[in-house]
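Undergrad: just need the structure, nothing else, for what follows:
(2 chains)
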Amino acid sequence: MRRSSGPPPPRVHVLTTQDLAPLATGEVKKVATRQAYGEALLELGSQHQDIVVLDADLSGSTKTGMFAKAHPDRFINCGVAEANMAGTAAGLACTGRKAFMSSFAMFAAGKAWEQLRQSVCVPDLDVKVCASHAGLTVGEDGKSHQMLEDITLMRVLPNMKVLVPADAVEAREAVRVAYETPGPVYVRLSRASTPVVFGEEYRLELGKGALLREGSDVCIAACGVEVAEALGAAEQLAAAGIEARVINLASIDPIDEDLIVDSAQRCGAILTAEEHQIRGGLGDAVAQVVVRRCPVPMDLAGMDGEFGQTGTASQLLAHYGLDAASLAARAEALIQRKGN
Amino acid sequence: MALTRDRVDALRATAREVREDIVRMVHAAACGHPGGPLGMADFMTTLFLEHLDLTPENRHAEDRDRFVLGNGHTCAGYYALLAQKGLLDREQLLTFRKMGSPLQGHPHRNLELGIDFSTGSLGNGLSVAAGMALGAKMSGWSSRIYCASSDGESQEGQIWEAATSAAHWGLSNLTVIVDFNDIQIDGRMRDVMDVRDLRAKYAAFGWHAVEIDGHDVVAIDHALCEAKAETERPSAIVARTTIGKGVSFMEDQSSWHGVAPNDEQLAQALEDLAAAAS
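TA: Here you go, the predicted structure:
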């Protein structure tokens, strides 16, 4: 059999203008992804009796309280004991249930990591870890509460799927995908209200990224709250005559390799952006695809081996080079490294 | 109902077979943990043969009883009892710890073989068992959830998180049997880190808690019957045992926590167990 001259063109998930309605109209509202989680859980939990929800004394903050009020018989408050919560969720999953467990990301992914490995991922059970207050944007609570290592800790676990929704619409979708996907899923949620990027028609697919803005000079690949900053950076770059492609990689594991390869081929350089450590995070996940399949210059915006500090969300993003202006400057510098 | 004399003799005979299997398995694997399961053999045999509703026919039923081996390293005895219950072939026991065997060095969930959960890292089992018990209650099942634990494992903080929650949720369908042999890897438990009176601790956490001779099958059966009769609280049975029980040179020796017998030691062990039978 003759082989074709090259690999088939990658399939790219292109959004319709309807998907990005808020951007098109310029009417951007702000909603926290944890709020969308709480609402989605209430809706999904009312449809599906096999959903149980566990929390560790933070149901007001994680927004599981809405489900708790409507379905007290399927809500389990574990008190301040996250390791036990993860094990209990695993046991409940063994009785034919889909167990959603929530706490702050610091505690859900940090304190319960060993239990998630041994009792959830090893037996590959239907436990959905929906962790709020992730990243720098938890703000004034400071470094003890700014979880900047959870993507790394979760994506390294076999069987664990990792989703980092960019806005309220995608967060709602992430809850649906978590419910429909067999086995463990981690959903990373934020405390702060962030711009709604997607229209109501948008559908998230496991393992698929989304092309938000077309351009060929450089690609900015982002997740979570950094998606809105990346879109802002693209606007600023456009004013300087630079066309940046912006892609959203909410599904970090599995990741959309085809979209990354397509972006590398089209733009010749990729900047990643995440409010997380770059070691093991989104940038690392993208770099693993790039070095294997499509080597191009890259830069990784994120926390580079340091903890955060107290401040407002916007102050912190600017300080650590994660606001739109910083990303734009970094993208411009990256373009200088492209081969001719 | 109290055990009949014949039933007591039958349980003792089975416990002896389980002990023979344990030393053969660990010898064949040339590694593993013989001491713990030898000490647990009497209460595990009584639990599995007299109480645990798990059969080849109901292994995939959701509302059957379940068992979680919190101290997963003692799984040689667990596998031997699954063979006694017809869930796996006795010949298969000698694949223990061998590449490709479902009888992993620490248990891995395999419902076909009746292995209800993956364990091995101490402290995790009781939380999972509590989750199963909670799920069973929510479903209205009459199934009982059993968990084995140990004095050494009770040094893990997660055990006490689970103990707190199981009492708070009124999990009367949950029973933990704590193997108390005063031995752990580094020596005497009371020297390494004394967990003190576990019966009193579980009672203080709101459990129905008793302490028994873990080699007395009548006392074990009685304690398990009492646990079944309990309607509001989870039950803890602290079973006083001797590590290595039945094998003269292993008894009460921390050095036999995780070492395999050689050919001569296997022969001696089987001789000791046979002598106890006569």
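
Undergrad: near the residue in the stretch 101-250 of chain B that chain A sits nearest to, how many other residues are there?
TA: Nearest to chain A in the stretch 101-250 of chain B, going by C-beta to the nearest C-beta, is B:Gly131, at a distance of 2.0 Å. In this view, the C-beta of every residue, glycine as well, is placed from N, C-alpha and C. For B:Gly131, the count of nearby residues is 38 (other C-beta atoms under 10 Å in any protein chain shown).

Undergrad: now B:Glu17
TA: 18.

Undergrad: one more: the one 10 residues further on?
TA: By the measure other C-beta under 10 Å, the count of residues near B:His27 is 21.

Undergrad: give me the three-state assignment for the residue of the stretch 101-250 of chain B closest to chain A.
TA: helix (DSSP: H, G, I helix; E, B strand; the rest coil).

Undergrad: any idea how far stretch A:237-246 is from the chain center?
TA: Taking C-alpha atoms, centre = their mean, to the nearest Å, the mean C-alpha location of stretch A:237-246 is offset from the chain mean by 24 Å.

Undergrad: quick one: buried residues of that stretch?
TA: A:237, A:242, A:244-246 (16 or more other C-beta atoms under 10 Å in any protein chain shown).

Undergrad: quick one: which of those residues is nearest to chain B?
TA: A:Val246 (41.7 Å).

Undergrad: quick one: list the elements packing against the strand or helix carrying that closest one.
TA: Assigned by DSSP states H and E, A:Val246 belongs to strand A:244-248. With contacts taken as 3 or more C-beta pairs under 8 Å, 6 or more residues apart in numbering or on different chains; DSSP states H and E, strand A:244-248 sits against strand A:210-213, strand A:218-222, helix A:226-239, helix A:257-267.

Undergrad: so for chain B, which of these sits nearest?
TA: So among the helices and strands packed on strand A:244-248, helix A:257-267 is nearest, using C-beta to the nearest C-beta, at 30.4 Å.

Undergrad: hey, C-alpha coordinates of stretch A:295-313 in PDB?
TA: Below are the C-alpha coordinates for stretch A:295-313, written out as PDB (Å, rounded to 0.1, in the frame of the first residue of the first chain):
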ATOM      1  CA  PRO A 295       9.000  21.200  17.800                       C
ATOM      2  CA  VAL A 296       8.600  25.000  17.800                       C
ATOM      3  CA  PRO A 297       9.700  27.700  20.200                       C
ATOM      4  CA  MET A 298       7.600  27.900  23.300                       C
ATOM      5  CA  ASP A 299       7.300  30.000  26.400                       C
ATOM      6  CA  LEU A 300       5.400  29.100  29.500                       C
ATOM      7  CA  ALA A 301       3.600  31.800  31.600                       C
ATOM      8  CA  GLY A 302       2.700  30.800  35.100                       C
ATOM      9  CA  MET A 303       4.300  30.400  38.500                       C
ATOM     10  CA  ASP A 304       7.900  29.400  38.100                       C
ATOM     11  CA  GLY A 305       8.700  27.600  41.300                       C
ATOM     12  CA  GLU A 306       7.500  30.100  43.900                       C
ATOM     13  CA  PHE A 307       4.400  30.600  46.100                       C
ATOM     14  CA  GLY A 308       2.000  33.500  45.800                       C
ATOM     15  CA  GLN A 309       1.100  36.100  48.400                       C
ATOM     16  CA  THR A 310      -1.800  38.200  49.600                       C
ATOM     17  CA  GLY A 311      -3.400  40.600  47.200                       C
ATOM     18  CA  THR A 312      -6.400  41.100  45.000                       C
ATOM     19  CA  ALA A 313      -6.900  38.700  42.100                       C
END
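
Undergrad: check contacts around the residue nearest to A:Leu125 when sequence neighbours are not counted.
TA: Nearest non-adjacent residue to A:Leu125, counting by C-beta to C-beta, 6 or more residues apart in numbering or on different chains: A:Ala93, 4.0 Å away. A:Ala93 makes contact with A:99, A:120, A:125-127, B:131 under the criterion C-beta atoms under 8 Å, 6 or more residues apart in numbering or on different chains.

Undergrad: again, only using 6 Å
TA: Listed by C-beta atoms under 6 Å, 6 or more residues apart in numbering or on different chains, the contact set of A:Ala93 reads A:99, A:125-127.

Undergrad: what about those residues, which one has the most neighbours?
TA: A:Val127 leads those on contacts (other C-beta under 10 Å) with 33 neighbours.

Undergrad: I figured it hits A:Val120, correct?
TA: Yes: using C-beta atoms under 6 Å, A:Val127 is in contact with A:Val120, at 4.6 Å.

Undergrad: need the overlap of contacts for those two.
TA: Joint contacts of A:Val127 and A:Val120 (C-beta under 6 Å, 6+ apart) are A:90, A:184.

Undergrad: now the strands for the chain?
TA: Assuming you mean chain A. According to DSSP state E, chain A carries its strands in the segments A:30-32, A:51-55, A:75-77, A:98-104, A:127-132, A:161-163, A:185-188, A:193-195, A:210-213, A:218-222, A:244-248, A:251-253, A:270-277, A:298-303.

Undergrad: my question was about chain B
TA: B:66-69, B:145-150, B:174-180, B:183-184, B:187-188, B:208-213, B:235-240.

Undergrad: in TSV: those strands, plus mean neighbour count and distance to chain A.
TA: Output for these, formatted as TSV (neighbours: other C-beta atoms under 10 Å in any protein chain shown; distance: least, C-beta to the nearest C-beta, whole Å):
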stretch	mean neighbour count	distance to chain A
strand B:66-69	28	7
strand B:145-150	29	8
strand B:174-180	28	10
strand B:183-184	26	20
strand B:187-188	13	25
strand B:208-213	19	19
strand B:235-240	26	16
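
Undergrad: can I get these in a markdown table with mean pLDDT and distance to B:Gln268?
TA: Formatted as a markdown table, these follow (pLDDT from 0 to 100; distance: least, C-beta to C-beta, whole Å):
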| stretch | mean pLDDT | distance to B:Gln268 |
| --- | --- | --- |
| strand B:66-69 | 98 | 27 |
| strand B:145-150 | 98 | 26 |
| strand B:174-180 | 98 | 24 |
| strand B:183-184 | 96 | 20 |
| strand B:187-188 | 96 | 24 |
| strand B:208-213 | 98 | 26 |
| strand B:235-240 | 98 | 26 |
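
Undergrad: and those: which comes nearest A:Thr181?
TA: Comparing the strands of chain B against A:Thr181 with C-beta to C-beta, the closest turns out to be strand B:66-69 (25.5 Å).

Undergrad: near chain B, which residues of the stretch 101-250 of chain A?
TA: A:115, A:118-119, A:122-123 (C-beta under 6 Å from any C-beta of the partner chain).
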